[in-house]
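# when you get a sec, could you give me coordinates for this:
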Amino acid sequence: MKKTGILNQPISNVIAGLGHTDTVVIADAGLPIPATTKRIDLALTKGLPSFLDTLRVVLSEMHLEKVIIAEEMTTVSPELYQDIQKIMDEIPIELCTHTIFKAMTAEAKAVIRTGEFTPYANIILVSGVIF
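Purely as a prediction, here's the structure:
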């Protein structure tokens, strides 16, 4: 049994297999997930697990180059956007339309679905390198 870190086997496997510029999506409960993209469904009920809790756990093991969010989040869910800015600190945040965001999820190694009900609570994590 694993002693520390992410205990969820599918998430741990995806992170361990990432290369430079590979992507992982953390999504709210409503984001459509392409049939061709690996779905890791954590949603239990409204709000559980939360988007931010899931993001923090994934970031504990994943090195980022940048993140991508839908620009709609900045006006529809500005508190969430501010929380993401704080969590990302020096990591660049790229904005795109929600339509483009949804299209980009088809290229992700996986989409982690949370129980989040906040509008536009979705983020694409772009893997960096540690050397």
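# in which helix or strand would I find the closest residue in space to L48 that isn't next to it in sequence?
The shortest distance from L48 to any non-neighbouring residue, by Cβ to Cβ, 6 or more residues apart in numbering, is to G115 (4.4 Å). C-beta here means a position set from N, CA and C on the backbone, and glycine is covered the same way. Using DSSP states H and E, G115 maps to neither a helix nor a strand.
# quick check: the gap between G115 and D89.
26 Å (Cβ to Cβ, to the nearest Å).
# more neighbours, the two?
G115 (19 against 6; other Cβ atoms under 10 Å).
# residues in contact with that one?
A29, L42, A43, L44, T45, K46, G47, L48, P49, S50 (Cβ atoms under 8 Å, 6 or more residues apart in numbering).
# then V57?
I6.
# quick one: average pLDDT of the helix or strand it falls within?
Take DSSP H and E as the rule and V57 turns out to sit in helix 51-59. Mean pLDDT, computed over helix 51-59, is 98.
# what are the buried residues along that helix?
If you call a residue buried by 16 or more other Cβ atoms under 10 Å, then helix 51-59 has these buried ones: F51, L52, T54, L55, V57, V58, L59.
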